[in-house]
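Asks: Below are the sequence and a predicted model; questions follow.
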Amino acid sequence: THDPALFHMSGPRTMDEIAQCGPAGLRGEVWVNAGGRYSIPVLLAVPETALFWEFRCEPKSISFEMRYKPLNSDAELEVMDVILSAVRVQADVQPVQGHLVVKNVGVYVLVFDNQHSKFMAKKVSYKLHLDKPCASDGEASSV
């Protein structure tokens, strides 16, 4: 069983909240406890929206994965669908970047996992950015 004090989740981020940050994106910084995990849920309500992320980790490495649950689901993180499998990344020298075009509306959860570290907390600096599809011509608009 896991110690709930080690597993933290931010409040859900919305498309409007991310869009208000403009081209610079929504930026944040979190500490992931040694042996712990930090999750950032992003509520995406428009299909074909592209979610972009970038993050750094100090020191050394952190595991990263993405999970999904439908809007009306109250599923716990462990039983959510895995969108991107967990991978341990070196993110201290160069930021890790990625993106996903969502097919289904719902909550997409970015998970930073430090369970491999027994003694050292990690500082994760992240940025989220969206490209929403345009209804008029199918082109994406940057927000």
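Replies: Great, that's in hand.

Asks: what's the longest strand along the chain packed up against?
Replies: Secondary structure of the chain per DSSP state E: the longest strand is strand 122-133. With contacts taken as 3 or more CB pairs under 8 Å, 6 or more residues apart in numbering; DSSP states H and E, strand 122-133 sits against helix 15-19, strand 26-32, strand 37-44, strand 50-58, strand 106-113, strand 140-142. (C-beta placed from N, C-alpha, C; glycine too.)

Asks: now those as TSV including mean pLDDT?
Replies: Shown next, in TSV, are those (pLDDT from 0 to 100):
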stretch	mean pLDDT
helix 15-19	91
strand 26-32	95
strand 37-44	95
strand 50-58	96
strand 106-113	96
strand 140-142	49
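
Asks: which stretch among those comes nearest residue 132?
Replies: strand 140-142 (5.5 Å; CB to CB).

Asks: What is the burial count for residue 98?
Replies: 14 (other CB atoms under 10 Å).

Asks: should've said residue 87
Replies: The number of residues packed near residue 87 is 11, by other CB under 10 Å.

Asks: How about it: what's its closest non-neighbour residue?
Replies: Nearest residue to residue 87 in three dimensions, chain neighbours excluded: residue 64, at 6.2 Å (CB to CB, 6 or more residues apart in numbering).
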